[in-house]
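In: okay, sequence plus prediction incoming.
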2 protein chains.
Amino acid sequence: MTTTHFADRLIERVEATHSHLVVGLDPDLRELPPALLRDVTTLAGGALAAERFATAVIDGVADLVPAVKPQSAFFEAFGSAGVAALERVEEHARGAGLLVIEDAKRGDIGSTMAAYATAALGRLRLGEDELPVHDADAVTVSPYLGAESLAPMLDAARAFGKGIFVLVRTSNPGSGELQEAPLDGGEGPLYARVAALVDRVGAGNVGARGYSDVGAVTGLTYPEEAPLLRRLMPRALFLVPGLGAQGGQPRDFTRFLDAQGHGAVVAASRSIAGGWRTRTDPDEPPLEAVRRGAAEAAAATNGALTQALADAGLPGWQDRPAPLGSSRAD
Amino acid sequence: MTTTHFADRLIERVEATHSHLVVGLDPDLRELPPALLRDVTTLAGGALAAERFATAVIDGVADLVPAVKPQSAFFEAFGSAGVAALERVEEHARGAGLLVIEDAKRGDIGSTMAAYATAALGRLRLGEDELPVHDADAVTVSPYLGAESLAPMLDAARAFGKGIFVLVRTSNPGSGELQEAPLDGGEGPLYARVAALVDRVGAGNVGARGYSDVGAVTGLTYPEEAPLLRRLMPRALFLVPGLGAQGGQPRDFTRFLDAQGHGAVVAASRSIAGGWRTRTDPDEPPLEAVRRGAAEAAAATNGALTQALADAGLPGWQDRPAPLGSSRAD
C-alpha cells in the first residue's frame, strides 16, 4: 500500500469494499453463543472465548467492510488475559486487510497521554528499538482535558500514518448534560466548541482526499445536527455509532456524508456480531454460526446502506472500483 | 476491617498514617534507574522492570501514606504484559495495607462502562462465579458523556464498597479550553456543572464521616478555586494532583481541606518515586535505592504537609490515633 495518510486509507477501503460499515467487536459474554462459554471458569478462559468470537466475526466480515472497531472495555473486563486477546484480535484483523479503530476513549495529559498513545498507536522505545504494542490504525479519545491533552496522541498518530477520533457528540440518552451545555455569548452548545477544537487540530494534516487524521465521534441519534457538525468540521471524518441495536437508521447516516458519499463511516456492533442468533441449524458449530451470521448481517446492512445512499441521491458504487470480494481469484 | 464505605476507609487510612499523601505509580521508563533496564529488549521485559520499580516504591511508602495511585497508561504502554504487571502491583499494594486508586480516566456508556467497571472495581460473572479483576478501591472517570454514563461504574463501586473520582478540574495548562467554558445564564464555567453532577450522584451514599463515594479530581494548580469547588461539592472527597513535579505547594493543598483537616488527599508521583535520584551510594542495589528514596521523599513530603496544616490553623495529628509505623510490634 502506497497511501499512508489514515483518512486516505479509510476512504480507499470504503471504496474497495463498497461499504461504509465499521463492525464493532464488543465481546460482552452475554452476546456470545452459550456453547463458547461451556466449562469456562477463569478470566483467561473468558478471554479466549471472547477472542474466538471476535476472530470469527472478523473472518465473516473481512471482505465486506472497511474496518472493525474493537471495544477495549470488553477485553479489559478479563484483565490482562483480555488485553492479550485484544492484541491478537487486532493483529488478526490487520492480517485480514481490515483497518482497526480501537475504541478506548482515552484521555489524559502530557507523558500519561503519550503512554496511552504508545499503547494504542505508537511504539515503545527500548534502547535503540521501537516495539509496536497494539498497533491499531486509529483510536477514540475524550476531549475534556482540552486540545493540549490530545497532542501526544496526535504526535504518535502522525509518526505512523494513523488517526484519532475525538468524542464530540455521543449517542447515549444523557449525553446532552455536558455536550449541550449552552455557552455564553451565543457560541452555541459545548459540543460546538469541541467541534471547533477538532477542526483546528486536524488542519495540520489533511490527506489527498480532503479529510484530516483527526476525526469526530458523532452519534447517529442526532442526524438533524449533521449539517452543523459538518460545517464546523469540514475536514473531519465522522465515526457515527448507533446503527442497529441503538435504533439508528441507514437514511439517518446518509446525512453525515458529503456529496461524493464520503466523510463518514457508520458503526454497528451487536446487530452484526449477533448475527449468529439468526442461524437455524442446531448442528452448525458455534464459531461457524458466528462467522456466517456476521457475514449475512454485514451484507444485509451494506445493502440497506447502499439503498439509503441511492434514496438520498448520493453516488452509487457502479462507477467505482470493484469490491474486494469480487476481485479475488476464488 | 469493619468499615466498608470507601470514603470512611480512606479517611481512616489518612488518620492512621498521619498523611494526606497519595503516591502516584507512573513507571515511565525514563523515571526508572537505568540499571533496571539493562538488557531489557521486549515489552514483557519492560513490564517486569516497571513492576519491580512500582513494587519497590510501594515497599518504601506502605507505612507512611494512605494510598497509591497507579497510572494505568504507563502499564498499558507495555501491552498485556504491562496490564498483568499492573494487576500484580495493585495486589502487592493491597497486601501492604494501602488503598489503591486506579488512575484510568475511563468513560463510556451502558454495557461498555459496565465492562470498564468490571475491570477496575468489580467482578466478572462467569456462570455462578464472580471473579475479581483489578479489584482496585477506586478509579478515576471522565464526565464528558454525562452522569448517566457514570451509573454502571457507580453501581460496581457501591456493590463492593469502593469509590470513583470524577475529573472536574484538571491541572494541565490547556484544561481551561473546555472546563472554563462560560455557560449561558450566569451558570458559571463548565466545571461548575460537572461539580454539580458530582454532588448529585454522590448524594445517594454518604459515609459515616460525611463524605460520599463519588469524589472529584481537582488540580492543585488552581487553589483559589478550592472554596467554590467545596461549596459546589460539600460531600466529595477531592483527589488533588499536582504536588511536587507539577509545581503545586503543600500550603495550596490545605485550601482543599475542611476545618477538621479532611475532605481531600494530595497526589505526587515523580517527586516520590524519583527519590532514588538523591541516593548517593553507588553500590546500593537499584531497587533498594528506589525503596529508600521513596520512603525518604514520602516522609519529607509528609513533614511539609503537616507543617502546612499547622500554618493554616488546621488540627494537627497529636490528638489523633498513632501512625501505622509506630504501632507495629517491630
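Out: Now that the structure is in, tell me what you want to look at.

In: spell out the residue ranges of the strands in chain A.
Out: Under the criterion DSSP state E, chain A contains strands at A:21-25, A:67-70, A:99-106, A:123-126, A:129-132, A:138-141, A:163-169, A:182-183, A:188-189, A:214-218, A:238-241, A:264-268.

In: mind listing what's buried in stretch A:158-176?
Out: A:158, A:160-172, A:174-176 (16 or more other CB atoms under 10 Å in any protein chain shown). C-beta: built from backbone N, CA, C; applies to glycine.

In: for the residue in the stretch 151-300 of chain A positioned nearest to chain B, which non-adjacent residue is closest in space?
Out: Here the residue of the stretch 151-300 of chain A nearest chain B is residue A:174; by CB to the nearest CB that distance is 2.7 Å. Sequence neighbours aside, residue B:148 is the residue nearest to residue A:174 in space, at 2.7 Å (criterion: CB to CB, 6 or more residues apart in numbering or on different chains).

In: list the contacts of that neighbour.
Out: Under the criterion of CB atoms under 8 Å, 6 or more residues apart in numbering or on different chains, the neighbours of residue B:148 are A:172, A:173, A:174, A:175, A:177, B:109.

In: pull the most distant pair out of those residues.
Out: A:177 and B:109 (12.3 Å; CB to CB).

In: so which of these two has more stuff around it?
Out: Taking other CB atoms under 10 Å in any protein chain shown, residue A:177 and residue B:109 do not tie; residue B:109 has more neighbours (24 against 21).

In: report the contact partners of the nearest residue to residue A:61 once chain neighbours are set aside.
Out: The shortest distance from residue A:61 to any non-neighbouring residue, by CB to CB, 6+ apart, is to residue A:298 (4.5 Å). Contact analysis of residue A:298 by CB under 8 Å, 6+ apart lists A:19, A:21, A:23, A:60, A:61, A:64, A:65, A:272, A:275.

In: ok, now residue A:260?
Out: A:314, A:315.

In: need the helices for chain A, in chain order.
Out: Secondary structure of chain A (DSSP state H): helices located at A:6-17, A:43-61, A:72-76, A:80-95, A:110-120, A:147-159, A:176-179, A:190-202, A:226-232, A:250-254, A:270-273, A:286-311.

In: which of those sits most buried?
Out: helix A:72-76 (a mean of 27; mean count of other CB atoms under 10 Å in any protein chain shown).

In: which other helices and strands contact it?
Out: helix A:43-61, helix A:80-95, strand A:99-106, helix B:110-120 (3 or more CB pairs under 8 Å, 6 or more residues apart in numbering or on different chains; DSSP states H and E).

In: where does residue A:226 land on pLDDT?
Out: Note on residue A:226: pLDDT of 97.

In: rewinding a little: which one among the contacts of residue B:148 gets closest to residue A:73?
Out: residue B:109 (10.1 Å).

In: list the residues that contact the closest residue to the closest one other than its chain neighbours.
Out: Distance criterion CB to CB, 6+ apart; nearest residue to residue B:109, sequence neighbours excluded, is residue A:172 at 4.0 Å. By CB under 8 Å, 6+ apart, the residues touching residue A:172 are A:219, B:109, B:110, B:145, B:146, B:148, B:149.

In: swap in residue A:56?
Out: Contacts of residue A:56 by CB under 8 Å, 6+ apart are A:287, A:288, A:290, A:291, A:294.

In: from chain B, how far off is the spatially most central residue of chain A?
Out: With the centre of chain A defined as its mean C-alpha position, the nearest residue by CA atoms, centre = their mean is residue A:69, 3.9 Å away. Using CB to the nearest CB, to the nearest Å, residue A:69 is found at 11 Å from chain B.

In: I'd assumed residue A:99 was in contact with that residue.
Out: No - under the criterion of CB atoms under 8 Å, residue A:69 makes no contact with residue A:99, lying 9.4 Å away.

In: any residues of the stretch 201-330 of chain A in contact with chain B? List them.
Out: Taking CB under 8 Å from any CB of the partner chain, no part of the stretch 201-330 of chain A reaches chain B.

In: just to revisit the earlier point, turn the contacts of residue A:56 into JSON lines, including pLDDT.
Out: Output for these, formatted as JSON lines (pLDDT from 0 to 100):
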{"residue": "A:287", "pLDDT": "98"}
{"residue": "A:288", "pLDDT": "98"}
{"residue": "A:290", "pLDDT": "98"}
{"residue": "A:291", "pLDDT": "98"}
{"residue": "A:294", "pLDDT": "98"}
